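Asks: Mind looking at a prediction? Sequence and model below.
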Amino acid sequence: MGQLSGSKNQNSQVYCKTLTDVEKGIYVEDWSISSEEVDAGEGWKIEKRRLHGGVSDGVDIITVDNGNFSFIVVPTRGMGIWKGECQGISLGWDSPVKCLVHPRHVNLESRGGLGWLDGFNEWIVRCGIASFGAPGFDVLRDNQGREMKVMLTLHGKIANIPASVVKVKIGLKPPFEIGVEGVVYETSMFGSNLKLSTSITTVPGSNTLKISDIIENLRSFPDETQLLYHCNFGSPFLEKGARLVAPIKRVAPRDSVAAKGIDAFNVFGAPETGFVEQVYFMDLFSDNEDRTRTVLVNRDATKAVSVSFSKKNLPCFTLWKNTVAMEDGYVVGLEPGTSFPNPKRFEREKGRVRVLKPGEKFQAEVALSVHLGEDEVAKAVKKVEAIRGERGSTVYEKPIPEFSLV
Amino acid sequence: MGQLSGSKNQNSQVYCKTLTDVEKGIYVEDWSISSEEVDAGEGWKIEKRRLHGGVSDGVDIITVDNGNFSFIVVPTRGMGIWKGECQGISLGWDSPVKCLVHPRHVNLESRGGLGWLDGFNEWIVRCGIASFGAPGFDVLRDNQGREMKVMLTLHGKIANIPASVVKVKIGLKPPFEIGVEGVVYETSMFGSNLKLSTSITTVPGSNTLKISDIIENLRSFPDETQLLYHCNFGSPFLEKGARLVAPIKRVAPRDSVAAKGIDAFNVFGAPETGFVEQVYFMDLFSDNEDRTRTVLVNRDATKAVSVSFSKKNLPCFTLWKNTVAMEDGYVVGLEPGTSFPNPKRFEREKGRVRVLKPGEKFQAEVALSVHLGEDEVAKAVKKVEAIRGERGSTVYEKPIPEFSLV
Amino acid sequence: MGQLSGSKNQNSQVYCKTLTDVEKGIYVEDWSISSEEVDAGEGWKIEKRRLHGGVSDGVDIITVDNGNFSFIVVPTRGMGIWKGECQGISLGWDSPVKCLVHPRHVNLESRGGLGWLDGFNEWIVRCGIASFGAPGFDVLRDNQGREMKVMLTLHGKIANIPASVVKVKIGLKPPFEIGVEGVVYETSMFGSNLKLSTSITTVPGSNTLKISDIIENLRSFPDETQLLYHCNFGSPFLEKGARLVAPIKRVAPRDSVAAKGIDAFNVFGAPETGFVEQVYFMDLFSDNEDRTRTVLVNRDATKAVSVSFSKKNLPCFTLWKNTVAMEDGYVVGLEPGTSFPNPKRFEREKGRVRVLKPGEKFQAEVALSVHLGEDEVAKAVKKVEAIRGERGSTVYEKPIPEFSLV
């Protein structure tokens, strides 16, 4: 490894390459590393590129390929994950927004606070981290200490803030974990000062990627944070007859539109022109370690993806059914979050907004796994059943005031 | 042509070079081609550059010079045309905004929806393509299918969206047409999904450039589009005593300010400090093929420019008289459009907003020609007269409810 | 100097290197010059760099080091001054916003018009130049000559507009003045058209930097300008017991919060969580040439910085006490301005907004000097006392209607 430009840590257990560190003046435009160059597992490759032209001009992407499963991390868009691929099968969805959009082309304030949608095409995108959810007015303090009414825009800012620090890390001992680390600051004078440190990793040959996030409140006084992982799936996992398998304790429709579909809330339809999104808010069961998982299974149960996470830090689970026509963005979202994606004010009233003390760190982990073949899918489903055990679900036919503004 | 990096099509009739294709990862920063390198006509040159520094940093420009007439296409600003020059005479105008402004420095929402003006200095700029016209509230559907009141900003978004695909094309057989093609997406999740494909061409040695646009609705259901070509002229075509020659069927002032100038609506004044824009809405006569043309003629009829287009697709013609002081942007606009530049809601009420079915393509063509010398100018004027024939014009002294909100 | 790429003027008294000139197509990405290369004084160096990655991607900085005192000019952020250093002591402050923020990541309209704060971390930042101060509605004219109510955002636009022209200049005769010149246009069609020409200079080995600004109204009719120098200081000049020394004629608290601290308005506290900013508006005495100065002195009077300026053009002085916790941005601002930073409408009513005739140039100069050691500090304080002479101060206990909206 003498010829590599990165560095190993003291015990030589991890190889680390800094690609961006704005404060230190480090920036690497194009770079790659692979198992051919490092004595650490086989078949993997990590490649960093900067995109040029169009709305993607200046966007950095990092493709992490573990040999079996690859995904593209986007430092310029808050360390979201654009797309994935496992054994030739696409992970993600076809948004009407085709290219990666540089945050400079996204005006979060536009269209009544829905500007976020102008850049929305990621497979996995974080919402937050000062706020997420539907646009709505909130009361903040201005610099003069006065209350001011401010519109919080859809899903917050984090997905449109470039990372200040980006590193590639390679484990030099089994299981040779590989991945990308990033730091994103959502900060302003007289505003939130939240530091997101993320580590997105996988193991060579595996079917899983793991996102480990830490949000730290850098202010000298308590402040709020909200975090939701908007994990979006289109074809081929999503299709007519695909379904969500989840250890549901309670589920309620968000609104009257969703209420109409409550009888089959966990089964997905074919692409349908004019379909209006149906959203279901859930409280899931968890295991002894307070972990839980949900699985999206295709019709004939030969393909599935599971999203697993700790319920302790991500207590709320939202299902977004948006089975519109293909060209309009046929997609479902599996969304573990600190709360439901209602306007922040409502979530605060319900006690679902996290408050961090000065210097306090909030931690969250989400793992996504791909299951191909009947056996693998069956195993994934069994894990959900194991969590549920004998416990039954409560299905509310109508929105409930605990979950949504009704 | 073996050494050229582009490609010919199957029949070798067109040489094509892709300069930008974001999805394919193609981007060429600086490039040029000329008749010296290709066996296809004489005296022409096409040059692509990326600008650096200031508000222009990162703006791509392509200069197309046919040997007699040159113009600068700006992929980064929605394939608008910044400036032109014909036999040493400038086409365009002197906006107070001197440099090309990268869209990232334009906030369309600012100044009550007039932010578009912060980057406005093009000779020819498209307005639209989901909406154009004066800012005004409209009712859209949000992701939840609910009606939401949203401000549509002045002249829409297309001029501030970078092209995703940019190609240079050279005809290899007479008349050796040369030009630039581009694709710009005005798209958002839960919003318009319109694809603009433009081809901007000229023939070596000619005095004409032709813009051929196709707008396609990529959504699965009908959606609206609006398109206006804001063609702006300053000195030397515009001067005291210059006039508009057009086959006018009906013309009405937009408002009371314009009504005051109705007697000489087609004659232009000298630069005048404090002049308030006068806008006239027109219905033009067209020829048997439904084509029409308008000509701006300088005082002594030795210099003119004509704007010709199909009335079928661009039925409304707007004249923008803005003969303010030179330093404030002395200019007139000849503006063929799908409608008048009133707020979109008003135009919709009048049935002037185009609705495209799913996959439907709307086509529009505008040609601009420069006429130098008395004879050429006379010929251009005659063409207008030929369209008009014996038919008379109706001039309304006051705004009429069919054309403007009065 | 034959090998240098810049040029000397006719009399060879100044060496000049253009780093950016957008209209001329000049842009130099990385560049430096030092006294080793030019026969003009000793020990100095000027270095230009472009930053890459994160929110700083594409930001140009120029470090001017006179051998004793260095500072970083930021062309991309309106020719503000990010940081300084004198004999190892930092000038500036620790904003929660750590990196230089490219204007494309600042939406001035966000957070109710407080978006400016998302990029605020400069040592010296200009506010203006069409307006500055707290956000507030104002009435402007739109393109149709109609009155429109528009929100003016906090502190205006100039700090988020990249310079169109940037030059380095070196005096070739004693005192071998070195520095940077820049031109920034705050301009729009149908809006302000103000040209800021700035020259930021220092003399090798000195403890002073001088900012000389000219604002020109490029419109054909009278228009307004506002200019305030937001000079911000944190540790080690600011500390518990540090104080402002100024030749105060009259001082009044801005509001009731500031009124509570009026007894010790000129003495600063330790960092304090939850401190709400206290702002004091002042009318200062000036000397025979109408120049005045204010000094920030640390507790034991061994370190000080002075801000001197002409009262004629900058008649209003504002003290911003924001002694919040270190992590929240412990800072005081010494702010000479054309007016106080109230909403522009209020300042206009009080006759404090400058109106420039067509082509009229408004000039302002601010000098910042660092004083290290008891003797130097004592000298700086004496200069203030010399201005004051025997004249007494009027201290208002409450806000006064002349200065603030009460």
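Replies: Arrived safely.
Asks: can you map out the helices along the stretch 151-300 of chain A?
Replies: Using DSSP state H, counting those that start in this stretch, the helices assigned to the stretch 151-300 of chain A run over residues A:256-260.
Asks: Flag every residue of it that's near chain B.
Replies: A:Asp255, A:Val257, A:Thr273, A:Gly274, A:Val276, A:Glu277 (C-beta under 8 Å from any C-beta of the partner chain). In this view, the C-beta of every residue, glycine as well, is placed from N, C-alpha and C.
Asks: Surely A:Ser339 is in contact with A:Glu347?
Replies: Yes: between A:Ser339 and A:Glu347 there is a contact under C-beta atoms under 8 Å: 4.3 Å.
Asks: Any regions of chain A where pLDDT drops low?
Replies: A:1-11 (pLDDT under 70).
Asks: What is the neighbour count of A:Gly241?
Replies: Neighbourhood size, A:Gly241 [other C-beta atoms under 10 Å in any protein chain shown]: 13.
Asks: which residues touch the residue nearest to it when sequence neighbours are not counted?
Replies: Among residues not flanking A:Gly241 along the chain, A:Arg299 sits closest, at 3.5 Å (C-beta to C-beta, 6 or more residues apart in numbering or on different chains). Neighbouring residues of A:Arg299 by C-beta atoms under 8 Å, 6 or more residues apart in numbering or on different chains: A:Glu239, A:Lys240, A:Gly241, A:Ala242.
Asks: Going by distance to B:Pro358, which of the residues you listed wins?
Replies: Nearest to B:Pro358 among the contacts of A:Arg299, counting by C-beta to C-beta, is A:Lys240 at 20.1 Å.
Asks: Help me confirm that A:Lys169 comes into contact with A:Gly179.
Replies: Yes: if you go by C-beta under 8 Å, A:Lys169 and A:Gly179 touch, sitting 5.8 Å apart.
Asks: one step back: any of the contacts of A:Arg299 buried? List them.
Replies: A:Glu239, A:Ala242 (16 or more other C-beta atoms under 10 Å in any protein chain shown).
Asks: residues shared between the contacts of A:Ser339 and A:Glu347?
Replies: Shared contacts of A:Ser339 and A:Glu347, defined by C-beta under 8 Å, 6+ apart, comprise A:Gly133, A:Gln226, A:Val353.
Asks: Mind checking which of those residues are buried?
Replies: Here, 16+ other C-beta under 10 Å leaves A:Gly133, A:Gln226, A:Val353 buried among these.
Asks: gap between the last one and chain C?
Replies: By that I understand A:Val353. A:Val353 is 18 Å from chain C, where distance means C-beta to the nearest C-beta, to the nearest Å.
Asks: ok, whatever residue of the stretch 301-406 of chain A ends up closest to chain B - how many residues close by?
Replies: Of all residues in the stretch 301-406 of chain A, A:Ala325 sits closest to chain B, at 3.3 Å by C-beta to the nearest C-beta. Residues lying near A:Ala325 (other C-beta under 10 Å) number 17.
Asks: Report the contact partners of it.
Replies: Contacts for A:Ala325 (C-beta under 8 Å, 6+ apart) come out as A:Pro271, A:Glu272, A:Thr273, A:Phe275, B:Arg219, B:Ser220, B:Phe221.
Asks: and if we set it to 7 Å?
Replies: Taking C-beta atoms under 7 Å, 6 or more residues apart in numbering or on different chains, we find A:Ala325 in contact with A:Pro271, A:Glu272, A:Thr273, B:Ser220.
Asks: Those: which two are farthest apart?
Replies: Using C-beta to C-beta, the pair of those lying farthest apart is A:Glu272 and B:Ser220, separated by 8.9 Å.
Asks: more neighbours, those two?
Replies: B:Ser220 (21 against 14).
Asks: Now that one. Nearest residue, chain neighbours left out?
Replies: Per C-beta to C-beta, 6+ apart, closest to B:Ser220 is A:Ala325, 3.3 Å.
Asks: Kindly report the same for A:Arg111.
Replies: Leaving aside its sequence neighbours, A:Arg111 sits nearest to B:Val150 (C-beta to C-beta, 6+ apart; 5.4 Å).
Asks: Kindly report the residues of chain A close to chain C.
Replies: Selection of chain A residues close to chain C by C-beta under 7 Å from any C-beta of the partner chain yields A:20, A:22-23, A:27, A:58, A:103-104, A:107, A:109, A:142-145, A:148, A:150, A:161-164, A:185, A:187-191, A:193, A:218-221.
Asks: just checking, which of those belong to strands?
Replies: Cross-referencing the residues of chain A next to chain C against strands under DSSP state E gives A:Thr20, A:Tyr27, A:Met148, A:Val150, A:Tyr185, A:Thr187, A:Asn193.
Asks: so A:Val331 sits right up against A:Ser235, yeah?
Replies: No: using C-beta atoms under 7 Å as the test, A:Val331 is too far from A:Ser235 to be in contact (9.4 Å).
Asks: surely A:Val64 meets A:Trp82?
Replies: No: counting by C-beta under 7 Å, A:Val64 does not reach A:Trp82; the two are 11.4 Å apart.
Asks: For these two, indicate the residue with more neighbours.
Replies: A:Val64 (24 against 20).
Asks: Secondary structure class of the more buried one, three-state.
Replies: On the three-state scheme (DSSP: H, G, I helix; E, B strand; the rest coil), A:Val64 is labelled strand.
Asks: Now it: closest residue in space that isn't a chain neighbour?
Replies: The shortest distance from A:Val64 to any non-neighbouring residue, by C-beta to C-beta, 6+ apart, is to A:Ile46 (5.3 Å).
Asks: Likewise for A:Gly373?
Replies: Using C-beta to C-beta, 6+ apart and skipping residues adjacent in sequence, the residue nearest A:Gly373 is A:Thr302, 6.3 Å away.
Asks: try A:Leu314
Replies: Using C-beta to C-beta, 6+ apart, the closest residue to A:Leu314 is A:Pro336 (4.1 Å).
Asks: so where does the one you found fall, helix or strand?
Replies: strand A:331-337 (DSSP states H and E).
Asks: Can you list the strands that that strand pairs with?
Replies: strand A:223-233 (antiparallel), strand A:316-322 (antiparallel) (DSSP bridges).
Asks: Now render those strands as a markdown table, adding distance to A:Glu37.
Replies: Output for these, formatted as a markdown table (distance: least, C-beta to C-beta, whole Å):
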| stretch | distance to A:Glu37 |
| --- | --- |
| strand A:223-233 | 32 |
| strand A:316-322 | 41 |
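Asks: Select, out of the ones you listed, the one closest to C:Ser95.
Replies: When the strands paired with strand A:331-337 are compared by C-beta to C-beta, strand A:223-233 sits nearest C:Ser95, at 16.6 Å.
Asks: Just give me how far the closest one sits from the chain centre.
Replies: Relative to the centre of its chain, strand A:223-233 is centred 7 Å away, using C-alpha atoms, centre = their mean, to the nearest Å.
Asks: Please spell out which residues along that strand are buried.
Replies: Under the neighbour-count criterion of 16+ other C-beta under 10 Å, strand A:223-233 has A:Asp223, A:Glu224, A:Thr225, A:Gln226, A:Leu227, A:Leu228, A:Tyr229, A:His230, A:Cys231, A:Asn232, A:Phe233 buried.
Asks: same check, this time on stretch A:139-158
Replies: In terms of neighbour count (16+ other C-beta under 10 Å), stretch A:139-158 has its buried residues at A:140, A:142-144, A:148, A:150-158.
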